[in-house]
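Undergrad: From the sequence below, what's the structure:
(one chain, ligands or ions: 1)
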Amino acid sequence: MKESGCFDAPWLWMYNQSRTPGTGRLRTRDARKAKQVFIPTTRQECKALGWEKLDIILVTGDSYVDSPFIGVSVIGQVLLKAGFRVGIIAQPDVQSADITRLGEPELYWGVTGGSIDSMVANYTATKKRKRADDLTPGGQNNRRPDRAVIVYANLVRRHFKNTKPIVLGGVEASLRRIAHYDYWSDSVRRSILFDAKADILVYGMAESTAVALAERLQAGQDVTDLRGICTIAKEKPAGAIELPSFEEVARDKRAFIDMFHTFYRNNDPLTAKTLCQQQDTRYLVQNPPATPLTQPELDALYEIGFERAQHPFYEALGPVKALETIRFSLTTHRGCYGECNFCSIAVHQGRTVRWRSEDSIVREAERLAQLPDFKGIIQDVGGPTANMYGFECEKKLARGSCADKRCLYPEICPQMDVDHGRQVALLRRLRQVEGVKKVFVASGIRYDLVLADQKHGARYLRDVVRHHTSGQMKVAPEHTQDHVLQRMGKPGAAVLVRFRDLFTGLTRAARKEQYLTYYLIAAHPGCTDKDMRALKRFASRDLKINPRQVQIFTPTPSTYSSLMYYTEMDPFTGEPLFVEKDLVRKERQKSILVRK
Ligand code: SF4
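TA: The predicted structure follows:
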């Protein structure tokens with residue numbers, strides 16, 4: 001994998017530089033001297049740093065947990081290291097003047113719904129209100145408003161007239177950046193940039209864009225050509241691909257399908273073109289995605305001394321459950337070439353996998369081992385899919401993703417040189433870190449990749465079975481009926497059975513008692529009661545299990561499966577498609593599978 005040198009990386013470069021005196025910005029070394037590791041959330045903390053004003057204020061729907069797993073924390077820390085004065089207001093009280101707590105920023109407001117789309121966080125797949133929230137102090141779902149991005153943008157404007165630019169980011173904004181189907185209102189909605197009446201939307205993994213934006217705004221420069229952003233324009237930009245208008249896609253399902261195909265194909269940083277879409281009298285303009293972080297940039301990101309804890313201001317309100325799984329876990333890579341149709345990672349993180357160096361991951365493990373409450377267990381080493389670390393298609397890295405085919409479906413593309421060798425080496429090194437007793441791989445494993453790897457697949461699985469499984473290994477076949485799997489973009493049941501046999505053999509050889517946990521989906525577009533009964537038979541007869549991990553399909557914004565759900569058509573063939581839309585019958589599909 002070709003990587004550029006450290007000094008090509010804009011924010012990494014800034015990380016290593018001193019700031020010009022008199023700019024009013026905090027120098028990185030000053031921040032360290034002041035022992036500021038948490039980003040401030042109160043005026044008192046700002047004062048302790050000698051900050052009268054902040055450059056950027058981030059507003060989020062989650063509690064503030066300072067962790068490399070939490071997007072707003074990563075963006076805040078990267079901005080801080082680049083020399084900007086940053087504050088965070090987490091889960092502001094929307095009834096009071098809480099949003100004014102840190103004053104008004106000099107450069108921009110960064111608004112996010114949090115780590116999950118607020119509607120997904122607040123409602124079940126059958127639209128019931130969720131009681132629990134893993135990223136709210138105390139665990140009760142009582143602080144995240146529905147459509148949090150819109151609510152927070154309105155809140156800022158209500159309290160600060162003619163304020164600095166409001167910049168939307170995070171998953172909710174990213175997946176709702178063009179006209180999209182919204183399951184909860186069962187309607188096509190405009191870009192959230194229009195609904196939130198904000199100025200800029202940053203999509204995808206936003207570290208470099210957030211810094212570039214701050215730099216340009218500080219210098220008084222135009223930002224509209226920045227990669228990775230959407231803006232609003234009065235005119236159609238020259239050279240942009242025009243998507244069917246919001247009005248047209250809201251009226252015509254075939255136009256909606258055409259729009260989505262064009263949107264999806266223009267998502268690779270090497271090949272994407274600028275897109276535009278008329279929303280009212282104005283245009284949404286989507287610039288090509290930001291260039292992904294190189295390996296040195298990713299490594300530098302994980303050198304930031306995250307606290308891996310909830311900020312004390314919020315900790316006082318109660319613990320957050322999410323910390324239990326992320327506190328002692330390691331991220332090895334980002335992006336996913338699996339492209340399951342129900343998953344939004346491809347549209348948010350991208351289809352190209354970028355990974356950290358082994359040294360960087362081992363250094364982070366060593367730091368974890370030094371933490372006072374570390375008990376010797378690394379809970380997870382993984383990414384969106386555990387075993388995509390360390391290999392990518394050379395063609396994709398050089399010329400971008402293919403527009404007309406997928407890397408893993410219906411078969412693994414011969415250009416993808418599947419090789420678990422780097423993962424085997426990484427896991428071996430992690431096992432040897434002093435103070436580490438156990439290293440688990442808890443992220444899902446893509447079993448077709450394991451079977452396709454003639455060089456190191458069996459060795460990888462043997463090591464995971466022997467050393468890295470805590471009794472249960474997670475796999476996500478999602479279904480076993482071919483025509484449902486085809487709608488999902490997942491491999492067939494025969495591959496699953498081969499993997500199960502290999503796993504069972506290796507487990508016996510290791511003299512261990514451990515099992516596969518199968519993640520399954522009910523009520524996906526194309527799936528009927530009959531399909532669920534067939535899946536139940538397969539599970540009982542062939543897998544010898546009574547499934548427990550069964551989810552009802554949730555049509556999240558901007559996925560191919562949501563497109564099928566809304567249009568009731570196969571978007572690739574145009575054929576009509578059965579879709580279970582009745583909430584009671586969706587529950588029934590699930591109960592067919594889980595009943596004893
Ligand atoms: S050549 Fe194959 S592996 Fe490479 S991007 Fe295209 S589909 Fe994916």
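Undergrad: Just to be sure, A534 is in a helix?
TA: Yes. Judged by DSSP: H, G, I helix; E, B strand; the rest coil, A534 forms part of a helix.
Undergrad: Who are the contact partners of it?
TA: Counting by Cβ atoms under 8 Å, 6 or more residues apart in numbering, A534 touches T480, Q481. C-beta coordinates here come from the backbone N, C-alpha and C atoms, glycine included.
Undergrad: Could you do A523 as well?
TA: Contact analysis of A523 by Cβ under 8 Å, 6+ apart lists A125, I552, F553, E580, R585, K586, Q589, K590.
Undergrad: And for it, nearest residue in space, chain neighbours not counted?
TA: K586 (4.1 Å; Cβ to Cβ, 6 or more residues apart in numbering).
Undergrad: what do you get for T332?
TA: T332 sits nearest to Y389 (Cβ to Cβ, 6+ apart), 4.5 Å away.
Undergrad: The one you found and G421 touch, don't they?
TA: No. With contact defined as Cβ atoms under 8 Å, Y389 does not count as touching G421 (10.4 Å).
Undergrad: neighbour-wise, which of those two wins?
TA: The neighbour comparison of Y389 against G421 (other Cβ atoms under 10 Å) goes to Y389, with 22 against 15.
Undergrad: any idea how far that one lies from A369?
TA: With distances taken as Cβ to Cβ, to the nearest Å, Y389 is found 21 Å from A369.
Undergrad: likewise G239?
TA: From G239 to A369 the distance is 52 Å (Cβ to Cβ).
Undergrad: neighbour-wise, which of the two wins?
TA: Comparing G239 with A369 by other Cβ under 10 Å, the one with more neighbours is A369, at 16 against 8.
Undergrad: Mind checking the pLDDT average for stretch 377-386?
TA: Average pLDDT, stretch 377-386: 96.
Undergrad: correction: stretch 475-490
TA: 97.
Undergrad: Restricting to C-alpha, output that stretch in PDB.
TA: Output in PDB follows, covering the C-alpha atoms of stretch 475-490 (Å, rounded to 0.1, in the frame of the first residue of the first chain):
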ATOM      1  CA  VAL A 475     -20.400 -14.300  12.600                       C
ATOM      2  CA  ALA A 476     -23.100 -12.500  10.600                       C
ATOM      3  CA  PRO A 477     -24.700 -14.700   7.900                       C
ATOM      4  CA  GLU A 478     -27.900 -12.600   8.400                       C
ATOM      5  CA  HIS A 479     -29.900 -15.200   6.500                       C
ATOM      6  CA  THR A 480     -29.600 -18.500   4.700                       C
ATOM      7  CA  GLN A 481     -32.100 -18.300   1.800                       C
ATOM      8  CA  ASP A 482     -30.400 -17.500  -1.400                       C
ATOM      9  CA  HIS A 483     -32.800 -14.900  -2.800                       C
ATOM     10  CA  VAL A 484     -32.800 -13.000   0.600                       C
ATOM     11  CA  LEU A 485     -29.000 -13.200   0.700                       C
ATOM     12  CA  GLN A 486     -28.900 -11.800  -2.800                       C
ATOM     13  CA  ARG A 487     -30.900  -8.700  -1.700                       C
ATOM     14  CA  MET A 488     -28.500  -8.300   1.200                       C
ATOM     15  CA  GLY A 489     -25.400  -8.800  -0.900                       C
ATOM     16  CA  LYS A 490     -24.100 -11.600   1.400                       C
END
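Undergrad: sorry, back to before: quick check: strands, which of the contacts of A523 are part of them?
TA: Among these, DSSP state E puts I552 in strands.
Undergrad: Show me where the stretch 301-450 of the chain dips below the pLDDT cut-off.
TA: Scanning the stretch 301-450 of the chain for pLDDT under 70 picks out no residues.
Undergrad: which residues sit in contact with the residue nearest to E106 when sequence neighbours are not counted?
TA: Computed as Cβ to Cβ, 6+ apart, the closest residue to E106 that is not its neighbour in sequence is D55, at 5.0 Å. Shown in contact with D55 (Cβ under 8 Å, 6+ apart): R25, L79, F84, R85, V86, P105, E106, L107, A214, Q218.
Undergrad: okay, now the last one: neighbour count?
TA: Around Q218 there are 17 other residues, counting by other Cβ under 10 Å.
Undergrad: Need the pLDDT of it.
TA: 98.
Undergrad: Double-check it against L107; I have them as touching.
TA: Yes. Counting by Cβ under 8 Å, Q218 touches L107, with 5.9 Å between them.
Undergrad: Tell me the backbone dihedrals of L168, please.
TA: Phi and psi for L168, reported as degrees, to the nearest 10, are phi -90, psi 140.
Undergrad: Give me the pLDDT value at it.
TA: 98.
Undergrad: my guess is it meets D195, correct?
TA: No. The pair L168 / D195 is not scored as a contact, 10.1 Å apart, by Cβ under 8 Å.
Undergrad: more crowded one of those two?
TA: L168 (30 against 16).
Undergrad: For the ligand, see how far away that one is.
TA: Separation of L168 from the ligand (Cβ to the nearest ligand atom, to the nearest Å): 30 Å.
Undergrad: Run through the bridge partners of that residue.
TA: Under the criterion DSSP bridges, L168 forms beta bridges with V111, L201.
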